[in-house]
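Sequence and computational prediction follow.
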Number of protein chains: 4
Amino acid sequence: MHTGINLAPPVFELGLKAYLYGQKALALARAADRISEKYQIKIIFTPQYVDIPKIARETENLLVFAQHLDPVKAARGNGSVLAEAVKEAGAAGVLLNHVEKRLTLSKISRTIKRADEVGLLSMVCADSPQEAAAVAHLGPNLILAEPPELIGTGKSVGKGKNQFVTRSMAMIKSINPKILVLNSAGIRSGDDVAEIIRSGAEATGSTSGVLKAPDPAAKLEEMIKSLKEAWLETHPC
Amino acid sequence: MHTGINLAPPVFELGLKAYLYGQKALALARAADRISEKYQIKIIFTPQYVDIPKIARETENLLVFAQHLDPVKAARGNGSVLAEAVKEAGAAGVLLNHVEKRLTLSKISRTIKRADEVGLLSMVCADSPQEAAAVAHLGPNLILAEPPELIGTGKSVGKGKNQFVTRSMAMIKSINPKILVLNSAGIRSGDDVAEIIRSGAEATGSTSGVLKAPDPAAKLEEMIKSLKEAWLETHPC
Amino acid sequence: MHTGINLAPPVFELGLKAYLYGQKALALARAADRISEKYQIKIIFTPQYVDIPKIARETENLLVFAQHLDPVKAARGNGSVLAEAVKEAGAAGVLLNHVEKRLTLSKISRTIKRADEVGLLSMVCADSPQEAAAVAHLGPNLILAEPPELIGTGKSVGKGKNQFVTRSMAMIKSINPKILVLNSAGIRSGDDVAEIIRSGAEATGSTSGVLKAPDPAAKLEEMIKSLKEAWLETHPC
Amino acid sequence: MHTGINLAPPVFELGLKAYLYGQKALALARAADRISEKYQIKIIFTPQYVDIPKIARETENLLVFAQHLDPVKAARGNGSVLAEAVKEAGAAGVLLNHVEKRLTLSKISRTIKRADEVGLLSMVCADSPQEAAAVAHLGPNLILAEPPELIGTGKSVGKGKNQFVTRSMAMIKSINPKILVLNSAGIRSGDDVAEIIRSGAEATGSTSGVLKAPDPAAKLEEMIKSLKEAWLETHPC
């Protein structure tokens, strides 16, 4: 667990996957940067590898994450994503074990260590409360707990009597209370964000909900505004 | 086979793998850029993904290649390397199926097509003359034929009575004469370069031979100078 | 290419995948064995690994194939399928690179060599005429050329003006005329079998077409009878 | 966690990997069967897939395990190892996530569930006490905790001041006391077995220590005899 960056909740992750890249990714990053500053909400922004340097350089508030990292050390390893290279490119962290880029248990463990070594935050996906508990023993900064069957469906994990958020939160915190828990999957509106925060999540995020909206920057602001309000409502100081 | 870039031989590939990144990779890229111009030899330069944009922007003569590409289309695909993103970042091509990043036959085929679609050169590794012939049917721009047991050993493939170069060249050209054939593995000096060019190769390259030298830029110049001389000697107009 | 078994066409492959196993697989194998003898048509029968020994022992005419093979040599390699073990268990050959078990180009090459070393036939899947040509250089006994988008759909590759069979056949034979070409995908009736044989295939096969039929043995006999008739019709001596 | 087989410690695992197969594997299985009965020690015997049926049928005391299992359900899945097929072949359990057959976290989770569904014991490898704790949340019957750098080296994990056994045991038991903990790696003699049992292990095992011995059956008996004595010494009723 990299401790060099203050990661107090709430946090929102906007994962670009392979949807957006280049100038369009940069434009959205700039909008996200302004929104992050306006609402004082930390935004994790996860672009294609090649877009990390420019986005990191031209934004001030975003936590730019690589979409993946390999556990290799500097040496051989053609085609791999090297921790030191990602760090020097300006990234703040890495996303690991996404449903579209699964890692072996051993690689999750070794890649978190590599991220720690070079000073990168690590966020690891988990499919179930049990997997989230498993990952908690490996010491990442964040765990993104979401049922893979809901990803990209537009159905929010927070809806109905789903105990997913509560259970994964409880299991992770009992193992390591410093790990931040992000619940998302199916977030497509400010209301979805508010609902998941009210059900106990410390962080949430979206990909298609933002990127497929007619105006992605406006949709992102809708979500961040709602996140801010729901957080203040549920965490009054 | 992308036809938008003139790739007349000879060509030299300097693959950085995970050895060099960031400012040090950029410094070597600038040196390679000057050497390429001085000797009028094309150099394929293959850095970490995150270093592609800056190196492409700050050099004029290099053919910057990504170390790998995924066959995904713009959409879902977290952690994958998207063709359009690599292209917009300024890359001229991609390396595929390196011994450290093996691809299925189906992915080699589909990724070459993706490279063609967006206008990227494709260079595919093959372990044997038979595999080189196999790859030739899939239409890449270059085939890097090298016996994996020699990679990184400092033993040149051109040494002794090794028929590897001659056989792989003959098989590839009989299938598609437009494909450029690169033979390397174990290149560590200008003499190694000269020897492999004299045995018939159109292109060669190095990683550890250059990067582990006390002065990588000087070692690269030694190789490129030798490549130029051996090429003129064996290809007098 | 293993030459110890006479593989003159026509041939039919019945691939069980993970549909059928144990006693039910054995019962179907016995029926296939009788049908093979009755029509004098060679049937490749591809069960789960654990079912190979019993089916090989209790049938006389089937060519029992493993669904996959790893290129490991006898030693370490927990979880891998060892060539010598498959051979001693009574298998006649192996299926490689199926769309549900993709292999790297390098592994296809090395696994065909392992099959040759221990005396096993090798059958390799290819998605397109180009991939079929590629595989032909690696010297398998059979190439199963089928467009993956048709597998399991019930749409026959032979339908309409599809030139898939003709083109893959021509490309493979021009490289190595000893390789047997199998075209299938979407075969669900005796008529489909006849159609694909009439379009030039030397071999065909089915999985869901047989296994999802109300009476799989009867459906298999329908196909084999049709194969025999179409073959005699198109190959009169 | 499959509860249909009583798995009270101590247990010994003999993993054949790809070293031994066919008649030789059966001969060693018969010897192991006699040794298991003589010393009343449970032996997990892990042969090649194709050898499972015969060994399961011709032995009485062994717990025959598959070297791997895929999480597929009966249907498509060519080349995969189907739970129902392994169960009907007579296996008692499966080994998962061996260093030579790594699985994603998600597959470990889903494959344990598949094993439970059909009534197979599950034993999962873990590289460190942290990974062992992670796996414990997924509910396998056994966790094989061993540092991969010691596997096949002949250096015992129990030697010196290594706290590996104690720590992995403590972490696993605090999460789920029903999980049996197996520590091995580098076991090559009866003395190694005794030492690891005295350091707290409930189970241990060997591959190369037995299979590379001049007389594998004699070496196995040496280990089992030593296991029995060390167990009685440390667990006097």
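It's in.

Please enumerate the strands of chain A.
Here chain A has its strands, by DSSP state E, at A:11-15, A:42-46, A:63-66, A:93-96, A:121-126, A:142-145, A:180-183, A:203-206.

As TSV, those with distance to A:Val135 would be great.
To be clear about C-beta, it is placed using only N, CA and C from the backbone, and glycine gets the same treatment. Shown next, in TSV, are the strands of chain A (distance: least, Cβ to Cβ, whole Å):
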stretch	distance to A:Val135
strand A:11-15	16
strand A:42-46	17
strand A:63-66	16
strand A:93-96	9
strand A:121-126	5
strand A:142-145	5
strand A:180-183	11
strand A:203-206	15
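
by contact count, what packs against the helix or strand of chain A with the lowest mean pLDDT?
Ranked by mean pLDDT, DSSP states H and E, the helix or strand of chain A with the weakest confidence is helix A:164-175, at a mean of 91. Secondary-structure packing of helix A:164-175 (3 or more Cβ pairs under 8 Å, 6 or more residues apart in numbering or on different chains; DSSP states H and E): helix A:129-136, strand A:142-145, strand A:180-183.

got the residues of chain A near chain D?
Within chain A, the positions near chain D by Cβ under 8 Å from any Cβ of the partner chain are A:97, A:99, A:102-109, A:126-128, A:130-131, A:133-135, A:137-139, A:148, A:171.

Drop anything exposed from the residues you listed.
A:97, A:99, A:102-109, A:126-128, A:130-131, A:133-135, A:137-139, A:171 (16 or more other Cβ atoms under 10 Å in any protein chain shown).

what stretches of chain A score poorly on pLDDT?
Scanning chain A for pLDDT under 70 picks out A:149-162.

Identify each of the helices in it and give its residue range.
Assigned by DSSP state H, chain A shows helices spanning A:22-39, A:52-58, A:83-88, A:105-118, A:129-136, A:164-175, A:190-198, A:208-211, A:216-234.

The fifth one packs against which elements?
What that stands for is helix A:129-136. Secondary-structure packing of helix A:129-136 (3+ Cβ pairs under 8 Å, 6+ apart): strand A:121-126, strand A:142-145, helix A:164-175, helix D:105-118, helix D:129-136.

Same check on the last one?
Other elements packing on helix A:216-234 under the criterion 3+ Cβ pairs under 8 Å, 6+ apart are strand A:11-15, helix A:22-39, helix A:190-198, helix A:208-211.

tell me the most buried of the ones you listed?
Compared across the helices and strands packed on helix A:216-234, strand A:11-15 shows the largest average neighbour count, a mean of 25 (mean count of other Cβ atoms under 10 Å in any protein chain shown).

Stretch A:96-105 vs chain C: in contact?
No. Stretch A:96-105 stays clear of chain C (Cβ under 8 Å from any Cβ), getting no nearer than 12.9 Å.

Touching that stretch from outside, list them.
A:15, A:17, A:67-69, A:108, A:111-112, A:122-127, A:134-135, A:140, A:148, A:151, B:76-80, D:97, D:102-108, D:126, D:131, D:134-135 (Cβ atoms under 8 Å, 6 or more residues apart in numbering or on different chains).

Please report how far the most centrally placed residue in chain A lies from chain C.
Geometric centre of chain A, nearest residue: A:Glu13, 4.1 Å, by Cα atoms, centre = their mean. Separation of A:Glu13 from chain C (Cβ to the nearest Cβ, to the nearest Å) stands at 31 Å.

Quick one: residues contacting that residue.
A:43-46, A:65, A:123, A:144, A:182, A:184, A:203-206.

so what's A:Met223 closest to, chain neighbours aside?
In this structure, A:Met223 finds its nearest non-sequential neighbour in A:Val193, 4.8 Å apart by Cβ to Cβ, 6 or more residues apart in numbering or on different chains.

cool, A:Ala31 as well?
Using Cβ to Cβ, 6+ apart, the closest residue to A:Ala31 is A:Ala217 (3.7 Å).

Now do the contacts for that neighbour.
By Cβ under 8 Å, 6+ apart, the residues touching A:Ala217 are A:28, A:31-32, A:35.

with these in mind, which one is nearest to D:Thr234?
Nearest to D:Thr234 out of the contacts of A:Ala217 is A:Ala32 (Cβ to Cβ; 60.1 Å).

before we move on, back to that, which among the helices and strands packed on helix A:216-234 is found nearest to B:Ile197?
With Cβ to Cβ, the closest approach to B:Ile197 among these belongs to helix A:22-39: 38.0 Å.

and the closest one, what other elements does it pack with?
strand A:42-46, helix A:52-58, helix A:216-234, helix B:83-88.

Can you tell me what sits against the last one?
It refers to helix B:83-88. For helix B:83-88, the external contacting residues (Cβ under 8 Å, 6+ apart) are A:18, A:21-23, A:48, A:50-51, B:49, B:52, B:66, B:69, B:74, B:94, B:114-115, B:117-120.

Quick one: buried ones out of these?
Here, 16+ other Cβ under 10 Å leaves A:18, A:21-22, A:48, A:50-51, B:49, B:52, B:66, B:69, B:74, B:94, B:114-115, B:118, B:120 buried among the contacts of helix B:83-88.

Can you check which of the helices and strands packed on helix A:164-175 gets nearest to A:His2?
strand A:142-145 (10.7 Å).

Packing partners of the closest one?
Packing contacts for strand A:142-145, counted by 3+ Cβ pairs under 8 Å, 6+ apart, involve strand A:121-126, helix A:129-136, helix A:164-175, strand A:180-183.

ok, now how distant is the closest residue in space to A:Tyr49 that isn't next to it in sequence from B:Leu28?
Leaving aside its sequence neighbours, A:Tyr49 sits nearest to B:Tyr49 (Cβ to Cβ, 6+ apart; 3.8 Å). Distance from B:Tyr49 to B:Leu28, counting by Cβ to Cβ, to the nearest Å: 17 Å.

Could you do A:Pro9 as well?
For A:Pro9, the distance to B:Leu28 (Cβ to Cβ) stands at 42 Å.

quick one: A:Ile172 from D:Gln163, how far?
In this view, A:Ile172 and D:Gln163 are 26 Å apart by Cβ to Cβ.

who's more crowded, these two?
For A:Ile172 and D:Gln163, the more surrounded residue by other Cβ atoms under 10 Å in any protein chain shown is A:Ile172, and the numbers stand at 24 against 11.

which residues does the closest residue to that one other than its chain neighbours contact?
In space, A:Ile172 comes closest to A:Ala136 once its chain neighbours are excluded; the distance is 4.7 Å by Cβ to Cβ, 6+ apart. By Cβ under 8 Å, 6+ apart, the contact set of A:Ala136 is A:143, A:171-172, A:175-176, A:179.

make it 6 Å
Contact partners of A:Ala136, counting by Cβ atoms under 6 Å, 6 or more residues apart in numbering or on different chains, are A:172, A:175-176, A:179.

and which of the residues you listed is nearest to B:Gly4?
Using Cβ to Cβ, those come closest to B:Gly4 at A:Ile179, 48.6 Å.

quick one: that closest one and A:Ile172 touch, right?
Yes. Using Cβ atoms under 6 Å, A:Ile179 is in contact with A:Ile172, at 5.4 Å.

what residues are shared contacts of those two?
Contacts common to A:Ile179 and A:Ile172, judged by Cβ under 6 Å, 6+ apart, are A:136, A:143.

Tell me who's in contact with A:Ile112.
By Cβ under 6 Å, 6+ apart, the neighbours of A:Ile112 are A:122, A:138, A:140.

I should have written A:Lys54 there, sorry.
By Cβ under 6 Å, 6+ apart, A:Lys54 lies in contact with A:Leu26.

do you know how far A:Glu58 is from chain C?
As judged by Cβ to the nearest Cβ, A:Glu58 and chain C stand 39 Å apart.

ditto for A:Lys173
To chain C, A:Lys173 is 36 Å away according to Cβ to the nearest Cβ.

Number of residues surrounding that residue?
14.

any idea how far it is from chain D?
14 Å.

swap in A:His68?
Taking Cβ to the nearest Cβ, one finds A:His68 at 13 Å from chain D.
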